[in-house]
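In: Sequence and predicted structure, then a few things I'm wondering about:
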Amino acid sequence: QQQVKQSPQSLIVQKGGISIINCAYENTAFDYFPWYQQFPGKGPALLIAIRPDVSEKKEGRFTISFNKSAKQFSLHIMDSQPGDSATYFCAAKGEGAGGTSYGKLTFGQGTILTVHP
Amino acid sequence: DSGVTQTPKHLITATGQRVTLRCSPRSGDLSVYWYQQSLDQGLQFLIQYYNGEERAKGNILERFSAQQFPDLHSELNLSSLELGDSALYFCASSVAAGYNEQFFGPGTRLTVL
């Protein structure tokens, strides 16, 4: 119930195209869904996040779409650029059974995005 | 730069040894989290501290322990190291215990030979 499933594992997109990464979760106690971007040799960097009372959030070229009933959320990168090539992680946070998950982020397995020039 | 610092950047040691990883949170952040990143397990939550007290525990091995000091920096101690402990260890911090935004440090790469 604590898992977050992410797909695809890898994604190749041409410059200017749209990159779409999907995540699904089971635990309905999750109430915060961030996306992180990680470059090789660096720590994950918070990119954009959404709460389940909102169906979409946009920041620049990055958009999160959230479907509460389906327990799915996705990251859309518009006008993808070679500089966007990185590993992207979705995550979820919320109170778990017995209150033991307080503050914990549960991550998806990651998507390696390659944007070709 | 997230403002979270971690030392050392790299650590190479032998099986059976003990190491200490250090983390300084962003200025003003009271909560510190430790995560392990490996190829087969991905990013896994280990433990959370808030203002010096343990707040949440993940799948942290008994050989691992952590603490947060009065100046809010945190240390992760790994003992009786095994080959499988080789991984990237990240520290993250947030303003408060339940605050959503967590900011990650650059990590410590641990190699156990």
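Out: Perfect, I can see it now.
In: Check whether the residue nearest to the spatial centre of chain B sits in a helix, strand or coil.
Out: Nearest residue to the geometric centre of chain B (C-alpha atoms, centre = their mean): B:W34, 3.3 Å. Three-state call for B:W34 (DSSP: H, G, I helix; E, B strand; the rest coil): strand.
In: low-scoring stretches of chain B, by residue?
Out: B:97-99 (pLDDT under 70).
In: How about the residues of it by chain A?
Out: B:2, B:4, B:31, B:33, B:35, B:42-45, B:48, B:50, B:55-58, B:90, B:92, B:94, B:97-98, B:100-107 (C-beta under 8 Å from any C-beta of the partner chain). In short, each C-beta sits where N, CA and C put it, glycine included.
In: Which of those residues are buried? Put it as a PyMOL command.
Out: This is how PyMOL selects the buried members of the residues of chain B next to chain A, with burial counted by 16 or more other C-beta atoms under 10 Å in any protein chain shown:
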select buried, chain B and resi 2+4+31+33+35+42+43+44+45+48+50+55+56+58+90+92+94+97+100+102+103+104+105+106+107
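In: Looking at the residues of chain B next to chain A, which are in strands?
Out: B:31, B:33, B:35, B:42-45, B:48, B:50, B:55-57, B:90, B:92, B:94, B:103-104 (DSSP state E).
In: if we can go back for a sec, show me the contacts for the residue nearest to the centre of chain B.
Out: For B:W34, the contacting residues are B:23, B:45-48, B:60, B:66, B:74, B:76, B:89-92, by C-beta atoms under 8 Å, 6 or more residues apart in numbering or on different chains.
In: roughly how far apart are it and A:C90?
Out: Separation of B:W34 from A:C90 (C-beta to C-beta, to the nearest Å): 20 Å.
In: give me the number of residues near B:T108?
Out: 21 (other C-beta atoms under 10 Å in any protein chain shown).
In: Is it in contact with B:T13, as I believe?
Out: No. B:T108 lies out of contact with B:T13 (C-beta atoms under 8 Å); the separation is 11.6 Å.
In: sorry, back to before: not counting its neighbours along the chain, what's nearest the residue nearest to the centre of chain B?
Out: Computed as C-beta to C-beta, 6 or more residues apart in numbering or on different chains, the closest residue to B:W34 that is not its neighbour in sequence is B:L46, at 4.2 Å.
In: ok, the helix or strand encompassing B:R109: who's next to it in the sheet?
Out: Following DSSP states H and E, one finds B:R109 within strand B:108-112. Using DSSP bridges, strand B:108-112 pairs in its sheet with strand B:10-13 (parallel), strand B:87-94 (antiparallel).
In: Pull the contacting residues for the nearest residue to B:Y35 once chain neighbours are set aside.
Out: Take B:Y35 and drop its neighbours on the chain: the residue closest to it by C-beta to C-beta, 6+ apart is B:F90, 4.6 Å away. B:F90 is in contact with A:43-44, B:6, B:34-37, B:43, B:104-105, B:107, counting by C-beta under 8 Å, 6+ apart.
In: List just the nearest of these to A:G17.
Out: A:P44 (23.8 Å; C-beta to C-beta).
In: For the residue nearest the centre of chain A, pull up the helix or strand it's in.
Out: What sits nearest the mean C-alpha location of chain A, by C-alpha atoms, centre = their mean, is A:C90, with 2.9 Å. Using DSSP H and E, A:C90 sits in strand A:86-94.
In: Put the alpha carbons of that strand into PDB.
Out: Output of strand A:86-94 as PDB, limited to C-alpha atoms (Å, rounded to 0.1, in the frame of the first residue of the first chain):
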ATOM      1  CA  ALA A  86      17.900  13.800 -16.200                       C
ATOM      2  CA  THR A  87      16.200  11.200 -14.000                       C
ATOM      3  CA  TYR A  88      12.800  12.100 -12.700                       C
ATOM      4  CA  PHE A  89      11.200  10.700  -9.600                       C
ATOM      5  CA  CYS A  90       7.600  11.000  -8.500                       C
ATOM      6  CA  ALA A  91       7.000  10.700  -4.800                       C
ATOM      7  CA  ALA A  92       4.100  10.800  -2.300                       C
ATOM      8  CA  LYS A  93       3.800  11.700   1.400                       C
ATOM      9  CA  GLY A  94       1.200  11.300   4.000                       C
END
